[in-house]
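Participant: everything below, folded, please.
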Amino acid sequence: MNLNPPQGMRDFYPEDMLFRNYLFDKWREISRIYGFEEFDAPIVESADLFRRKSGEEIDEQIYVFKDKGGRELALRPELTPSLARLILSRIKELHFPLRWFGIVQCFRYERAQKGRKREHYQWNVDIIGEESPIAESEVIAAAVNVMTGLGMTSRDFKVRIGHRGILHDILKYHECEMKYFNQICLALDKRGKIADEAIKEMLKSDGLPESEIQKIFKIMEIRNIEEIESIIDNKSTSLNNLKELFNLLEIYNLKDFIEFDIGIIRGLAYYTGIVFEGFDVERKYRAIFGGGRYNNLLQNLGGKDLPAVGLGFGDVVIKELLEYKNMELKTNAKPDIAIAFLSDNERDFAIKIAELIRKKGISTDLFLKPEKPKKIFSLCNKMKKRFVILIGENEKETGSVTIKDMNSGIQEEVAINDIIKKIAP
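Facilitator: Predicted structure coming up:
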């Protein structure tokens, strides 16, 4: 029997769950601070829901199957289509703008590689019903605060921001043929990931003439908003939109975390304006998180046109990045206290002590059968317990317990009324 999980999937042992739960708690904490409400949806949806968002080609990237009733279903590859479905189902009852978030498991049938699995957990944050760039600024600020909460600084990561409309305006200025728009976007997206010569060959194979390729590489050299201002005038709605976002993010004190990047493209059929991605400064990894403005999704699913901004932040890349930087993977505390007894005669007394401590909200691991002291301390050392409470016949008779500090090795008798003071000073 093959004991490995399915290809591209993961097992989560207790030590893995410690970090996962810590990350989820951080996502929930920041969501609450920024005023987002949590929602969820089925892990299985109608396959057509994802096709209407991404096209028929999505079938190659997702797990599609039929249930016993012949209905075509899919494991969700992302949460946003479900979000749109929920909103459309109750659109007359909801009050906009909505600020919703979800933490869900997603599945994609893709080649597993560095930073990408066939399943991952993702934090989605969305604001529905607000046209102003303040929606983008709120979502970006929330993501940056998660990163800093995990110990990252502006020396570790940057949020790279682009705008689909600005790219369109620049291409028009350079008199690029707009029939090549998708190929141009793909080339910009590949810059820095593959060699420039490979990009040129890719564009040639797509039928772009040499004159167009030269224009594209000139556009690739744009590094900041000031350069854009010198190319297109301030009547550009897209440019003013982007400038407003950068001004807002300065008010959030996030100037050191953000950069303009004309090469941030994301889904061509989905995003309609500002787009952004968080990357480690060394660019050793895929995007840590990404998102942007998607104003057409609800309309594409048959509903009214509503402005929307969203972000997806997965659990795979951030864990790999923290490990690469040798940063402490903070975790929620494991049971720090162990209570052991030497014979069955002391079992009931040990249970009472355990419950006394647990009533104070302290995580306590109770041994389930008698053990010898040597084995007790050996096991507790392996489990990295801080304190071991040892109960023998003498302790039961005197109304006290023996407490050993596993860090210092100091062992002492403590009265029952003083146990909490000792283990939780």
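Participant: pull the number of nearby residues for residue 218.
Facilitator: Close neighbours of residue 218, defined as other Cβ atoms under 10 Å, add up to 11. Bear in mind the C-beta positions are built from the backbone N, C-alpha and C, glycine included.
Participant: swap in residue 102?
Facilitator: Residue 102 has 22 neighbouring residues, counting by other Cβ under 10 Å.
Participant: measure the residue nearest to residue 220 when sequence neighbours are not counted to residue 61 for me?
Facilitator: In space, not counting the residues next to it along the chain, residue 220 is nearest to residue 191; the distance is 5.5 Å by Cβ to Cβ, 6 or more residues apart in numbering. Computed as Cβ to Cβ, to the nearest Å, the residue 191 to residue 61 distance reads 24 Å.
Participant: higher neighbour count, those two?
Facilitator: residue 191 (17 against 14).
Participant: spit out the contact partners of the more buried one.
Facilitator: Counting by Cβ atoms under 8 Å, 6 or more residues apart in numbering, residue 191 touches 199, 220, 263.
Participant: what's the end-to-end length of stretch 400-419?
Facilitator: This stretch, stretch 400-419, spans 9 Å end to end (Cα to Cα, to the nearest Å).
Participant: what lies in contact with it?
Facilitator: By Cβ under 8 Å, 6+ apart, the list of residues contacting stretch 400-419 reads 353, 356-357, 377, 380-381, 384-392, 395, 398-399, 422-423.
Participant: show me what the residue nearest to residue 220 is bridged to.
Facilitator: Counting by DSSP bridges, residue 191 is bridged to residue 194.
Participant: any idea how far it is from residue 152?
Facilitator: Distance, residue 191 to residue 152, using Cβ to Cβ: 25 Å.
Participant: same check, this time on residue 88
Facilitator: 37 Å.
Participant: looking at those two, which is more packed in?
Facilitator: Neighbour count, other Cβ under 10 Å: between residue 88 and residue 152, residue 152 has more, with 22 against 15.
Participant: show me where the chain dips below the pLDDT cut-off.
Facilitator: For the chain, applying pLDDT under 70 flags the ranges 268, 332-335, 425.
Participant: domain-wise, how is it divided?
Facilitator: Listed domain ranges for the chain are 14-324, 337-423 (source: automatic domain parsing).
Participant: in a markdown table, list the ones you listed along with distance to residue 1.
Facilitator: Conversion of those to a markdown table gives the following (distance: least, Cβ to Cβ, whole Å):
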| stretch | distance to residue 1 |
| --- | --- |
| domain 14-324 | 21 |
| domain 337-423 | 28 |
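Participant: in the longest helix seen in the chain, which residues are buried?
Facilitator: If you go by DSSP state H, the chain has its longest helix at helix 14-33. Residues of helix 14-33 classed as buried by neighbour count (16 or more other Cβ atoms under 10 Å): 18-20, 22-24, 26-27, 30-31.
Participant: tell me the one of the residues you listed nearest residue 345?
Facilitator: The closest of the buried residues of helix 14-33 to residue 345 turns out to be residue 18 (Cβ to Cβ; 35.3 Å).
Participant: wait, isn't the closest one in contact with residue 331?
Facilitator: Yes. Look at residue 18 against residue 331 with Cβ atoms under 8 Å: they come within range, at 3.6 Å.
Participant: show me the contacts for residue 379.
Facilitator: Contacts of residue 379 (Cβ under 8 Å, 6+ apart): 338, 371.
Participant: in which helix or strand does it reside?
Facilitator: Take DSSP states H and E as the rule and residue 379 turns out to sit in helix 373-382.
Participant: state the distance from the residue nearest to residue 271 when sequence neighbours are not counted to residue 88.
Facilitator: Leaving out its chain neighbours, the residue that sits closest to residue 271 by Cβ to Cβ, 6+ apart is residue 292, at 4.5 Å. As judged by Cβ to Cβ, residue 292 and residue 88 stand 21 Å apart.
Participant: just the helices in the stretch 101-250 of the chain please.
Facilitator: Ranges of helices within the stretch 101-250 of the chain are 134-149, 164-173, 181-190, 196-205, 210-220, 225-231, 237-251, based on DSSP state H, counting those that start in this stretch.
Participant: looking at those helices, spot the one closest to residue 37.
Facilitator: helix 134-149 (13.2 Å).
Participant: which neighbouring elements make contact with that closest one?
Facilitator: Helix 134-149 sits against helix 14-33, strand 119-128, strand 157-163, helix 237-251, strand 274-280, strand 289-293, strand 308-314, with contacts defined as 3 or more Cβ pairs under 8 Å, 6 or more residues apart in numbering; DSSP states H and E.
Participant: which one of these lies closest to residue 66?
Facilitator: Residue 66 lies closest to strand 119-128 among the helices and strands packed on helix 134-149, at 20.9 Å (Cβ to Cβ).
Participant: so what are the sheet partners of the closest one and their directions?
Facilitator: strand 98-107 (antiparallel), strand 308-314 (antiparallel).
Participant: out of those strands, deepest packed?
Facilitator: The highest mean neighbour count among the strands paired with strand 119-128, using mean count of other Cβ atoms under 10 Å, belongs to strand 308-314: a mean of 24.
Participant: that one vs strand 289-293, what angle?
Facilitator: Relative orientation of strand 308-314 versus strand 289-293 (axes from the mean of the first three to the mean of the last three Cα atoms, to 10 degrees): 170 degrees.
Participant: distance from strand 308-314 to the middle of the chain?
Facilitator: 9 Å (Cα atoms, centre = their mean, to the nearest Å).
Participant: tell me the helix or strand right after that strand.
Facilitator: Next along from strand 308-314, by DSSP H and E: helix 316-324.
Participant: quick one, that following helix and strand 289-293 angle?
Facilitator: Angle, helix 316-324 to strand 289-293, by the same axes, to 10 degrees: 140 degrees.
Participant: so what are the sheet partners of the helix or strand just after helix 316-324 and their directions?
Facilitator: Note on helix 316-324: by DSSP H and E, the next helix or strand toward the C-terminus is strand 337-341. Applying DSSP bridges, strand 337-341 is found paired with strand 364-366 (parallel), strand 387-391 (parallel).
Participant: quick check: next helix or strand after strand 337-341?
Facilitator: Counting by DSSP H and E, what follows strand 337-341 is helix 347-358.
Participant: got the buried residues for stretch 338-354?
Facilitator: 338-342, 346-347, 349-350, 353-354.
Participant: my bad, stretch 242-257
Facilitator: Across stretch 242-257, burial judged by 16+ other Cβ under 10 Å covers 242-246, 248-249, 254, 257.
Participant: end-to-end on stretch 29-48?
Facilitator: Stretch 29-48 has an end-to-end distance of 34 Å (Cα to Cα).
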